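[1] what follows is a predicted structure for the sequence shown.
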Amino acid sequence: MKVQAHALRDRRFDDWHRAVAGRWSIEDLRADPRYRDDWISFDCLSWDADRELLYLGLTSINTDIFWTFEPGTQKFESLGYDRVGDRFDAKFHRSLERDRDGSYLVATAMLHDMDQQGQAGGGKLLRYRPAEGEFELLAVPVRRQYIQSILFDPERRLVYGFTYPAEHLFVHELLTGQTRTLAYVGNARMICQPHNAVLDPRGRLWGTWGENRAFEDDLGSTPIRYFCYDPDQDAFEWFSYGPSKSWPRDIAAVDHMLLADDGLIYVGTTAGGLSTLDPETGRVESLGKPFTGRRLAGLVQGRDGYIYGAGNEGIDAEGRGKARMFRHDRATGRTDDLGPIFDPARNDGAVKIHMLVEAEDGVFYAGENDNQLRSSYLWRCQLDD
């Protein structure tokens, strides 16, 4: 691959492990202009082919969390969310969905501590209209809870979402403006919700829930399990299994779910495993572990029909990221390592990839997040001809 890193912010941090980790609160970070303004992550991406723009949802303590990137000019532009949000709107996590009219549905996630929950009203579900440059508040779906991800059903005009820290699944009806809480999917021991949910070809929602053994101190062998919600029947099916494990004690938490055009759901886990889920039969099939490291949050079906993914490989001795990309051939079952997401001009690589999208044919953008040593970058990865 030919890789180029684009920096919206470009600051190095040398005190995370010495001063920040386990010591600082969100207010300490907010009071430090380095972390408030420059410690950013690219958490969600959406390619707008009509406008030839990449829409970007960020983590940023200063609440300037919605931007675009124009590949032609290589320029970033703020969409001004900091003018309409409040100080608790610290990120768009996996919450950037395009509607048919070209507007975007977005939702706010959190960074604040629990002692501020009385002041923080809750995550906002909003619509952004690019032509007018305006945000419309649609709902605060669950009071005092913030939104980790949303999923849009354009046929039924429904927006699903998962909240944090209490893990509620809600649905917002765009046609009526009504919001309902459908279920609680957590267990107070770990994050049990999927990093993002997915709709199957019949419009059913697939996600994960956490087992809750109130009579045992230890987790069972299958702590993360699938569920399916059918909106037409308003009914759940709860399964006793989840994704394939990468090792015996792997909890197999979902890092990314992708519906491909073969009708299968491709699933990456936080342990770096790759598997499929057949929504018609419920069958799970392991496709192995493309990388030695953890995290597989970036999955996308390319226009060429291959499944592409990006994972986390940590950092090397010099603090440079070692994240890589792979390509999976569904016809042959072969998975190829495409190499590191590494920019030679910067002598640096991506640490953790949070989302992957294809823009022009064979050109992928990878959003980096949670880099503790510098501002995270937006990575352009062009495949060799």
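    Looks like it arrived, so ask away. Everything numeric here is computed off the predicted structure, so don't read it as measured data.
[2] ok, residue 13 touching residue 40?
    No. Between residue 13 and residue 40 there is no contact under Cβ atoms under 8 Å: 11.5 Å. Every C-beta, even on glycine, is put in place using the N, C-alpha and C of the backbone.
[3] of the two, which one has the most company?
    residue 40 (27 against 17; other Cβ atoms under 10 Å).
[4] please, where are all the helices along the protein?
    26-31, 33-38 (DSSP state H).
[5] quick one: these as a markdown table, columns for mean neighbour count, distance to residue 93 and mean pLDDT too.
    Output for these, formatted as a markdown table (neighbours: other Cβ atoms under 10 Å; distance: least, Cβ to Cβ, whole Å; pLDDT from 0 to 100):
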| stretch | mean neighbour count | distance to residue 93 | mean pLDDT |
| --- | --- | --- | --- |
| helix 26-31 | 15 | 16 | 96 |
| helix 33-38 | 16 | 18 | 98 |
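[6] between those, which gets nearest to residue 139?
    For these, proximity to residue 139 was assessed by Cβ to Cβ; helix 26-31 is nearest, at 24.6 Å.
[7] all strands of the stretch 151-300 of the chain, in order?
    158-164, 168-173, 179-184, 198-199, 205-210, 224-230, 235-238, 254-259, 265-269, 274-277, 284-286, 298-301 (DSSP state E, counting those that start in this stretch).
[8] what pairs with the shortest one, and is each one parallel or antiparallel?
    Right, strand 198-199. strand 205-210 (antiparallel) (DSSP bridges).
[9] for the strand it pairs with, what is the average pLDDT?
    Per-residue pLDDT values across strand 205-210 average out to 98.
[10] tell me the buried residues in stretch 184-197?
    Neighbour counts over stretch 184-197 (16 or more other Cβ atoms under 10 Å) mark 185-187, 191-197 as buried.
[11] tell me the mean pLDDT for it?
    Stretch 184-197 carries an average pLDDT of 96.
[12] same deal with stretch 305-323?
    94.
[13] could you work out the end-to-end span of that stretch for me?
    End-to-end distance for stretch 305-323, by Cα to Cα, to the nearest Å: 23 Å.
[14] residues touching the residue most central in space within the chain, list them.
    Residue closest to the average C-alpha location in the chain (Cα atoms, centre = their mean): residue 94, at 3.8 Å. Residue 94 makes contacts with 43-44, 148-150, 195-196, 355, as judged by Cβ atoms under 8 Å, 6 or more residues apart in numbering.
[15] find the nearest non-adjacent residue to it, please.
    Excluding its sequence neighbours, the residue lying closest to residue 94 (Cβ to Cβ, 6 or more residues apart in numbering) is residue 149, at 3.8 Å.
[16] how far away is the one you found from residue 59?
    14 Å (Cβ to Cβ, to the nearest Å).
[17] and for those two, which residues touch both?
    Shared contacts of residue 149 and residue 59, counting by Cβ under 8 Å, 6+ apart, come down to residue 93.
[18] quick one, which of these two is more surrounded?
    Taking neighbours as other Cβ under 10 Å, residue 149 and residue 59 compare with residue 149 leading, 24 against 21.
[19] okay, the nearest residue to residue 342 once chain neighbours are set aside: pLDDT?
    Excluding its sequence neighbours, the residue lying closest to residue 342 (Cβ to Cβ, 6+ apart) is residue 349, at 3.8 Å. pLDDT, residue 349: 98.
[20] my guess is residue 349 meets residue 366, correct?
    No. With contact defined as Cβ under 8 Å, residue 349 does not reach residue 366; the gap is 10.8 Å.
[21] mutual contacts of those two, please.
    By Cβ under 8 Å, 6+ apart, residue 349 and residue 366 have these common neighbours: 323, 341.
[22] re earlier: dump the strands of the stretch 151-300 of the chain into TSV; add distance to residue 141 as well.
    Converted to TSV, the strands of the stretch 151-300 of the chain look like this (distance: least, Cβ to Cβ, whole Å):
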stretch	distance to residue 141
strand 158-164	6
strand 168-173	5
strand 179-184	5
strand 198-199	18
strand 205-210	15
strand 224-230	16
strand 235-238	18
strand 254-259	21
strand 265-269	25
strand 274-277	26
strand 284-286	30
strand 298-301	26
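[23] among these, which is nearest residue 133?
    strand 158-164 (21.5 Å).
[24] the closest one pairs with which strands, parallel or anti?
    strand 146-153 (antiparallel), strand 168-173 (antiparallel).
[25] report the angle between the last one and strand 179-184.
    Right, strand 168-173. Inter-element angle recorded for strand 168-173 and strand 179-184: 150 degrees (by axes from the mean of the first three to the mean of the last three Cα atoms, to 10 degrees).
[26] same question, the longest one
    In terms of direction (the same axes, to 10 degrees), strand 146-153 departs from strand 179-184 by 100 degrees.
[27] CA atoms of strand 146-153 as CSV?
    Once non-C-alpha atoms are left out, strand 146-153 reads as follows in CSV (Å, rounded to 0.1, in the frame of the first residue of the first chain):
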residue,chain,number,x,y,z
TYR,A,146,-24.7,8.9,26.5
ILE,A,147,-24.7,7.2,23.1
GLN,A,148,-21.9,4.8,22.0
SER,A,149,-23.3,4.0,18.6
ILE,A,150,-26.4,4.5,16.3
LEU,A,151,-27.7,2.5,13.4
PHE,A,152,-30.2,3.9,10.9
ASP,A,153,-32.9,1.8,9.2
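[28] can you list contacts of that strand?
    Residues contacting strand 146-153 (Cβ under 8 Å, 6+ apart): 88, 93-95, 97-99, 105-110, 120, 122-125, 141, 158-165, 193-199, 203, 205, 231.
[29] which of those are buried?
    88, 93-95, 97-99, 105-110, 120, 122-125, 141, 158-164, 193-199, 205, 231.
[30] torsion angles phi and psi at the nearest residue to residue 51 once chain neighbours are set aside?
    Ranked by Cβ to Cβ, 6+ apart and with sequence neighbours excluded, the top spatial neighbour of residue 51 is residue 130, at 7.0 Å. Dihedral pair for residue 130: phi -60, psi -40, per degrees, to the nearest 10.
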